[in-house]
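Q: all I have is the shape, not the residue letters:
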């Protein structure tokens with residue numbers, strides 16, 4: 001085994017030869033997130049899996065996306081502005097045939113290891129760090145997915161939970 005070893009930069013270029021765009025069939029929607037740092041992490045995951053992000057068009061979300069853009073704008077995922085409001089936007093996506101996946105601890109939820117790869121356009125709803133997703137959307141989601149936990153914590157950080165679900169739906173885990 002002689003010769004030079006590939007550098008991490010070489011491997012990145014081989015794995016992604018060109019800039020990708022949004023798949024337009026996988027959108028993460030952290031519509032109730034309080035902490036801006038979580039949005040930056042989710043944007044980074046969207047770049048990694050080729051997903052888009054949907055957020056309300058408020059100053060809180062605009063500032064959080066700008067501050068959390070650790071990729072310097074080079075690979076920023078496409079942002080869908082959830083207009084006219086969160087509920088109307090979700091209903092609009094559903095009426096266009098999008099599958100709605102809620103990430104929440106709920107009766108009858110699908111454990112993450114059993115979640116299937118997204119085969120149709122899918123919106124992933126993520127809730128508030130403390131209060132979760134409103135019950136209306138948990139109950140009406142096409143799929144509710146929970147992340148099994150062994151430890152004493154009640155839940156994972158919303159950006160971590162969203163990232164795990166996005167990788168699974170994208171078929172990368």
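A: Looks like it arrived, so ask away. In this text, all values refer to a predicted model and were calculated from it rather than measured experimentally. Numbering: from 1, shown residues only.

Q: how many neighbouring residues does residue 122 have?
A: 24 (other Cβ atoms under 10 Å). (Glycine included, C-beta is placed from N, CA and C.)

Q: just to check, it is in contact with residue 49?
A: No - applying Cβ atoms under 8 Å, one finds residue 122 not in contact with residue 49, separated by 11.8 Å.

Q: what do those two both touch?
A: The contact sets of residue 122 and residue 49 overlap at residue 26 (Cβ atoms under 8 Å, 6 or more residues apart in numbering).

Q: would you check that residue 30 makes contact with residue 37?
A: No - the pair residue 30 / residue 37 is not scored as a contact, 11.7 Å apart, by Cβ under 8 Å.

Q: okay, and the residue nearest in space to the middle of the chain sits in which element?
A: Centroid-nearest residue in the chain, with Cα atoms, centre = their mean: residue 28, separated by 3.5 Å. In this structure, residue 28 sits in strand 26-29 according to DSSP states H and E.

Q: strands paired with that strand, and their directions?
A: strand 52-55 (parallel), strand 122-125 (parallel) (DSSP bridges).

Q: so for the helix or strand following it, what gets flagged as buried?
A: Downstream of strand 26-29, the first helix or strand assigned by DSSP H and E is helix 36-49. Under the neighbour-count criterion of 16 or more other Cβ atoms under 10 Å, helix 36-49 has 38, 39, 40, 41, 42, 43, 44, 45, 46, 47, 48, 49 buried.

Q: contacting residues for the nearest residue to residue 125 once chain neighbours are set aside?
A: Spatial nearest neighbour of residue 125, excluding adjacent residues (Cβ to Cβ, 6 or more residues apart in numbering): residue 102 at 4.7 Å. Residues near residue 102 by Cβ under 8 Å, 6+ apart: 125, 127, 133, 137, 138, 141, 143, 144, 145.

Q: got the confidence number for residue 22?
A: Residue 22 is assigned a predicted lDDT (pLDDT) of 57.

Q: tell me which residues of the helix or strand encompassing residue 136 are tucked away?
A: Assigned by DSSP H and E, residue 136 belongs to helix 135-140. Across helix 135-140, burial judged by 16+ other Cβ under 10 Å covers 137, 138.

Q: tell me the helices and strands packed up against it.
A: strand 99-103 (3 or more Cβ pairs under 8 Å, 6 or more residues apart in numbering; DSSP states H and E).

Q: low-scoring stretches of the chain, by residue?
A: 1-3, 12-24, 68-76 (pLDDT under 70).

Q: which SS class is the spatially closest residue to residue 173 that is not a sequence neighbour?
A: Distances taken as Cβ to Cβ, 6+ apart put residue 167 closest to residue 173, at 4.2 Å, once the chain neighbours are dropped. Residue 167 carries the three-state label helix when classified by DSSP: H, G, I helix; E, B strand; the rest coil.
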